[in-house]
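Undergrad: with the input below, show me the fold.
(4 chains)
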Protein chains: 2
Amino acid sequence: MKFSKATNYALHSMLHLAATKSNTPVGVQVLAKKQDISPTYLSKILTKLAKEGMINSVSGANGGYTLSHGWESISFLDIIHAIEGKSSLFACYNHGPGCPIQKVMLNSEVKMEEELKKYTIADLI
Amino acid sequence: MKFSKATNYALHSMLHLAATKSNTPVGVQVLAKKQDISPTYLSKILTKLAKEGMINSVSGANGGYTLSHGWESISFLDIIHAIEGKSSLFACYNHGPGCPIQKVMLNSEVKMEEELKKYTIADLI
DNA sequence: GGAACTGTACTCGGATACTATGTGTCCGAGTAGTTCTGG
DNA sequence: CCAGAACTACTCGGACACATAGTATCCGAGTACAGTTCC
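TA: I've put the predicted structure just below:
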């Protein structure tokens, strides 16, 4: 029960892209060096974000990643969902959705998600 | 980023103990059969709860587990912490505690914990 | 009849094996600028 | 001088290898109760 490191990398990459808001794409090597991880691994993470439409990838020389339109409205929750998946954190296999324990757990999970929905990377710069 | 199955088992075991509130201990085999898991595995999970003082183990014939005194005040969060550990869900390794991203994540995590602290197993029976 | 012995049912806890997922690397393919070459 | 070829720097994405944590089982040890044996 922990957030994966990939989520950490994704959030920081998004923050970096937002902080240096230039029109020229930022290469994955620059982003990777900032966080002391391998470019190829970060590439996999950013691909997930690109598939969700949060960033655009520009291939070829001087290529890299740019924030997509409407990036200001991307919340923490959106980024986390893109990396960790959207399935809920708790599941009662025996009783299913009617389980009272599951109701409590899901309710608490929603509270956290509501909070994560409030914050955007734009808030941090 | 999911709650482990062990947490599920622990919560259900606690609920079962609370529901059948008899003075005679409930054997691990009964609890295991209710949840379709092996008794030995459940035993390891219950041992964690016993170490935290939430339940008492009675060894020997007609042994088993009983709720400890003050069980009514045991919250969901207490049980989860006993199984999953108390460390926070998110950590920024590069920037440390000052990282703005970490602040947002921790803040959201606290919201969920506050909710989990409100509910006790006594509420469900 | 009562004390000691034996059997049984149970938990305890360490050791071990399996599995899923997260983490990270490697490499071939594709793409778009840049440089070089030949007419 | 300029069009096309070769080169280079970069991303893309699949395949693979490794690490870690979660899941599950097995077994020897300890404990307490019940029944049995023996004096």
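
Undergrad: any idea what A:Gly64 is bridged to?
TA: Beta-bridge pairing for A:Gly64 (DSSP bridges): A:Val58.

Undergrad: now the spatially most central residue of chain A: which helix or strand?
TA: Geometric centre of chain A, nearest residue: A:Ile79, 2.3 Å, by Cα atoms, centre = their mean. Taking DSSP states H and E as the criterion, A:Ile79 maps to helix A:76-84.

Undergrad: does anything pack onto that helix? Which helices or strands?
TA: In terms of contacts (3 or more Cβ pairs under 8 Å, 6 or more residues apart in numbering or on different chains; DSSP states H and E), helix A:76-84 is packed against helix A:5-19, helix A:39-51, helix A:100-118, helix B:100-118. The way it works is simple: take the backbone N, C-alpha and C, and place the C-beta from them, glycine included.

Undergrad: got JSON lines for those helices, with mean pLDDT and distance to DNA strand C too?
TA: Supplementary listing: the helices and strands packed on helix A:76-84 in JSON lines, determined by pLDDT from 0 to 100; distance: least, Cβ to the nearest atom of the strand, whole Å:
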{"stretch": "helix A:5-19", "mean pLDDT": "96", "distance to DNA strand C": "3"}
{"stretch": "helix A:39-51", "mean pLDDT": "96", "distance to DNA strand C": "4"}
{"stretch": "helix A:100-118", "mean pLDDT": "97", "distance to DNA strand C": "16"}
{"stretch": "helix B:100-118", "mean pLDDT": "97", "distance to DNA strand C": "14"}
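
Undergrad: now those helices as CSV including mean neighbour count?
TA: Converted to CSV, the helices and strands packed on helix A:76-84 look like this (neighbours: other Cβ atoms under 10 Å in any protein chain shown):
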stretch, mean neighbour count
helix A:5-19, 21
helix A:39-51, 17
helix A:100-118, 18
helix B:100-118, 18
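
Undergrad: any idea which element A:Asn56 lies in?
TA: Judged by DSSP H and E, A:Asn56 forms part of strand A:55-58.

Undergrad: anything in that strand near DNA strand D?
TA: Yes - contact between strand A:55-58 and DNA strand D is present through A:Ser57, A:Val58 (criterion: Cβ under 7 Å from any atom of the strand).
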